[in-house]
Structures are given as structure tokens and as C-alpha cells.
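> have a look at this prediction, sequence included:
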Amino acid sequence: MAPSPIPSPTETVAQPYALQRFYDQSAEWQECGRFECTTLEAPLNYDEPDAGTLQVALLRRPADNQDERIGSLFVNPGGPGVSGKSYAKLAEVLFTQPVLENFDIVGWDPRGVGDSTSISCMTDAETDVYYETDGTPDDPAEVRDLVRVNEEFTKGCVTDDAALIPQLGTFNSARDLDILRSAVGEARLNFFGASYGTELGAIYAELFPQRVGRMVLDAALDPAVTSDGLSKGQLRGFQRATESFIDDCIARSGCAVGPTRDAAEQQIAELLAAIDRVPLTTETGRPLTESLATTGMISAMYSEASGWPSLRLGLSQAFSGDGTVLLALADVYAERNNDGTYASNVNSAFPAISCTDRPGSSSVQAAKRQIPAYEKISPIFGRTFAWGAVACRDWPVKRGDFPTRVIAEGADPIVVVGTTRDPATPYAWSVRLAKSLQSGVLVSRDGDGHTGYNAGNACVDSAVDSYLVAGETPANPTIC
């Protein structure tokens, strides 16, 4: 496909005078191993742009064919709280060759994340406790433990940077992104966002519709989803993914569960209940608690190709009293290194940004009341998700920016990719977001796993590549 240049905006959008100094920045790239890095400034508080700044760190992988270079493609992997710099470093795995040939891949760590001005709420040891603590308390003492770890998390965030907390929201990150777009010399934003990155991209489009270039939102988190809707939607997604995993497993010889889906679900639920009573031993010497086992199972659902085989082995081991593989899956999810350190601040940034965006906190009593409704959705994960609502209970921000319906009136076509059995961002959210966006175009992938692009479906890849590289908008809808 022949590369196609991005047209300039048809109208000029003036910058607020108070923000002009930020828009006047020009990225000064420095050698950064195989890549290029730079740091830019953004206002801490957009309502008071003269009241302090924060640092935003970027990394660029230059286009392979500079003669045919179309421009910069900003990329965000989601989370919230996952490093965009790390995502850009993996561009050769995550993007197809036509995209790598024609775009500089630019990743950045959003405010609160990684190498940017970040939030740190827990030590490594405290993070271990955070993940080990029983997420399905059965008695008053366990309820107190769960409440306490969340209270201590909040206190740690406030101690680290109380001024940053109310400014962590996605709307501010989207405003930062427009400053970054300007600093790298792009008249329009070309953007690829996955998972939560789709919400960030959608909010950018709502704020700056005339500056939207070629935008792909893969595995959408619809900004119109409420806090409760987010929790229940993800619970349905993980339940659906678990059912797909079970169906695949019992069709194979040697599956540790079965022979029917209902029997397998009951066996897994009983396994987790047994681990709740007596944690499993592991080769590392760390016990596998029910909370860690649940995290390990959820971690496996993100990828049919790599996660499902590991979960088959992990369940087989666990039924024999060994929690080693399930613990390893949980550690992958938490980005925990073998030496007990954590690879990034995602375990601080994810809850901090989430609670700032959607403070919808729940009392202990409210969490208890909603358990039956959650268990009806998923007998395996229902209690965990119901109790998860207490995480933001003491968060200092009480009013967030979501739910927000996004229209992006006047924006050029925006491609939304949805996978029918996506565990983390249910397909229905992609459908809703594509309909909500005035220029939304839906590309559907029939399959399992989280995200749809470069996941083995040539139809999806062709539609996205033709759009990004040649400017050819897919048919709406496109079914793959």
C-alpha cells in the first residue's frame, strides 16, 4: 500500500494564552540506546497553568523508511498506569511492518506514570501485602485487613504527592498529549491506543476534534461507562473468557477440569475456596493465597496464545498442591521481578488514576449487598469484583470526569477495533463507542484475548494498516 500524507486541519485552533509557553516547546531528542528520548513540560493544573509544572517523558522509534515517513504515531498501551515508553520499545512486536516503515512510533509515560512526574504509594514489601491480602473476606478480621490495605495505599499516595492526585485524571493526560503533539511538530495527532488507551484517545478526540489525524482505538473502554458498569462489564468479560478457556481445555487430553463446563467452573471455585483456607506452597517459598491465585487466572485470560497454556499447567499443578505457575502468572500481571522488586509504578498509578477518574467508592455494607448480583455474573470471580469497589472508599478525590459520552463532533474517521470475547474490555464497549463517536468506524474481530490488532487476524491487520498508512477508511462495520 502506498503511504498517504496526513492533511492539515481545515481550521486553526487557537491556544489559550496561558498555555502558549507549553505549546512553544520543541522536542529535543537525545540518543537513548536504540531509540531517542526527550522530556517536556506540562502544567500541573490546567485551571491554574502558572501554578507549577510536571515532566512528561517520551521515547521515539524512528520510521524505518524516512523517505516515505508519514509522521509520528503516538501509542498508549492502557492500564491506566502502563508505560508508553516501554510500549514503544516493543513496536517491532506490536505493529506490522507497513506501520513501522512509515511512522515514527512515539510512546510517552502519562502524568503519574513511570519516568514522567509519577506517583508512588507503596514500597515493594507493601505491594506484596497489597496483592496477598484476601480480596474475598469471610469474617470481620479479614474485612478489616482489606479496608486497612486500601487505607494505607491512599495514605501512601497522599504522602508522596498530595498536589498531584487531583490532577491525575484522563482529561489532563489528553491535554498533555496535545502539547506533545505540538512539540514533535505534528499538525494532527495520529494515535494508536489499546485498552484504557482507547479512553484516553477518545477524550483527546472530544477535546480536540479538529486535530484528530488517523486514530485507532483497539479494545475500547467506553468513557460513558460508570464505575459500577466498568466493574460489572469487566466481570462479564472475564467470565466469558474463562468459559472459552474451559471449553478449549476440556476438548484437550489431560485437562485438569471437566468433563463439562459447569463441572469445571465448580471445580475451579472449590479450588480457590480451598486455597483461601490453606494457601499453596510454591518453589519460590512464597505462599499462593486465594487473591494471588485469582490474579494469576485473570492474568492468563489476556492472551489465548500465551496465557491459556500456562493456566492449563497452573491448574494441573494447583490441584496437586503446587501453586508455582499460578504465582508466576500473578507476578507477570503485577510486574513483579524475581528479586521482589517491581518493574514499574503501575501498581500505584493504576488505582490512583482509576480512583481519580471514577471515584465511585463503596462502603463495606454496600460491597456485601452487591455480592449476590456479582456472583450471578461470575461464580468464580464475582466476590472479588464486588469487594473491589471498596478500593476508592477513602480516595481524596470525590468527583471524577466519568461517565462522559464522547461524540468528537467534526473529527475525521476514528477506527474502533473490538474483539468478541475480549476479557478486559467487553466487545459491547467497542460497539457503543463506535456508535457514540460521530465519525466512528467499527472493525470487529471474532476471537479471544485482549485487543485485536496484530493478533493473528489478517483481516483486522489489513483494515488498520490501510487506514493508518494509506488513509483508506474501512467499511463501517467491518467484520473479521
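Happy to help now that I have it. Here the structure is a predicted model, which means the values were calculated and not measured. Numbers count the residues shown, from 1 in each chain.

> can you pull out the strands in the chain?
Secondary structure of the chain by DSSP state E: the strands cover 30-32, 35-43, 53-61, 71-76, 103-109, 189-194, 212-218, 414-421, 440-448, 478-479.

> quick check: which of these is nearest to Leu329?
Between Leu329 and those, the tightest spacing by C-beta to C-beta is seen for strand 440-448, at 16.6 Å. Where C-beta positions appear, they are placed from N, C-alpha and C, glycine not excepted.

> buried residues in the closest one, which are they?
Of the residues in strand 440-448, 440-445, 447-448 count as buried by neighbour count, 16 or more other C-beta atoms under 10 Å.

> picking that back up, can you add mean pLDDT and distance to Phe238 and give the strands of the chain back as a markdown table?
Putting the strands of the chain into a markdown table (pLDDT from 0 to 100; distance: least, C-beta to C-beta, whole Å) gives the following:
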| stretch | mean pLDDT | distance to Phe238 |
| --- | --- | --- |
| strand 30-32 | 96 | 37 |
| strand 35-43 | 98 | 34 |
| strand 53-61 | 98 | 31 |
| strand 71-76 | 98 | 22 |
| strand 103-109 | 98 | 27 |
| strand 189-194 | 98 | 17 |
| strand 212-218 | 98 | 18 |
| strand 414-421 | 97 | 10 |
| strand 440-448 | 97 | 12 |
| strand 478-479 | 98 | 24 |
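
> let's have those strands in JSON lines, adding distance to Tyr87.
Output for these, formatted as JSON lines (distance: least, C-beta to C-beta, whole Å):
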{"stretch": "strand 30-32", "distance to Tyr87": "15"}
{"stretch": "strand 35-43", "distance to Tyr87": "12"}
{"stretch": "strand 53-61", "distance to Tyr87": "9"}
{"stretch": "strand 71-76", "distance to Tyr87": "6"}
{"stretch": "strand 103-109", "distance to Tyr87": "5"}
{"stretch": "strand 189-194", "distance to Tyr87": "8"}
{"stretch": "strand 212-218", "distance to Tyr87": "12"}
{"stretch": "strand 414-421", "distance to Tyr87": "16"}
{"stretch": "strand 440-448", "distance to Tyr87": "20"}
{"stretch": "strand 478-479", "distance to Tyr87": "25"}
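
> that older thread, need the buried residues of strand 440-448 in a markdown table (columns: distance to Ala367).
As requested, those are exported to a markdown table (distance: C-beta to C-beta, whole Å):
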| residue | distance to Ala367 |
| --- | --- |
| Gly440 | 35 |
| Val441 | 39 |
| Leu442 | 35 |
| Val443 | 37 |
| Ser444 | 35 |
| Arg445 | 35 |
| Gly447 | 34 |
| Asp448 | 30 |
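
> who's in contact with the closest residue to Ser291 other than its chain neighbours?
Residue nearest to Ser291 in three dimensions, not counting chain neighbours: Gly135, with 4.5 Å by C-beta to C-beta, 6 or more residues apart in numbering. By C-beta atoms under 8 Å, 6 or more residues apart in numbering, the contact set of Gly135 is 146, 290-291, 294, 383-384, 387-388.

> let's have those residues in TSV, adding pLDDT.
Written out in TSV, the entries for those read as follows (pLDDT from 0 to 100):
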residue	pLDDT
Leu146	96
Glu290	97
Ser291	98
Thr294	98
Arg383	96
Thr384	96
Trp387	95
Gly388	93
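
> now, the residues you listed that are in helices?
Counted as lying in helices by DSSP state H, out of the contacts of Gly135, are 146, 290-291, 294, 383-384, 387.

> can you show me the helices along the stretch 51-200 of the chain?
Taking DSSP state H, counting those that start in this stretch as the criterion, the stretch 51-200 of the chain contains helices spanning 84-89, 91-94, 97-102, 124-132, 140-161, 170-183, 196-207.

> in TSV, list those along with distance to Ile353 and mean neighbour count.
As requested, the helices of the stretch 51-200 of the chain are exported to TSV (distance: least, C-beta to C-beta, whole Å; neighbours: other C-beta atoms under 10 Å):
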stretch	distance to Ile353	mean neighbour count
helix 84-89	13	23
helix 91-94	22	15
helix 97-102	27	19
helix 124-132	16	16
helix 140-161	11	16
helix 170-183	7	22
helix 196-207	8	27
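
> which of the buried residues of strand 440-448 sit farthest apart?
Taking C-beta to C-beta as the measure, the buried residues of strand 440-448 span a maximum distance of 23.8 Å, between Gly440 and Asp448.

> from the contacts of Gly135, pick the one nearest Ala163.
Nearest to Ala163 among the contacts of Gly135 is Gly388, at 27.2 Å by C-beta to C-beta.

> which stretches of the stretch 351-480 of the chain have low pLDDT?
Regions of the stretch 351-480 of the chain meeting the criterion pLDDT under 70 cover residues 361.

> count the neighbours of Ile250 for me.
Other residues within reach of Ile250, judged by other C-beta atoms under 10 Å, total 16.

> report the contact partners of the nearest residue to it once chain neighbours are set aside.
Spatial nearest neighbour of Ile250, chain neighbours left out: Gly258 (3.8 Å); criterion: C-beta to C-beta, 6+ apart. Contacts for Gly258 were tallied using C-beta under 8 Å, 6+ apart; they are 246, 249-250, 264, 267.

> if you set the cut-off to 10 Å instead, what comes out?
By C-beta atoms under 10 Å, 6 or more residues apart in numbering, the contact list for Gly258 reads 246-247, 249-252, 264, 267.

> Glu335 - how many residues pack around it?
Other residues near Glu335 number 17, with proximity taken as other C-beta under 10 Å.

> cool, and the one 10 residues further on?
Look at Asn345: counted by other C-beta under 10 Å, it has 24 neighbours.
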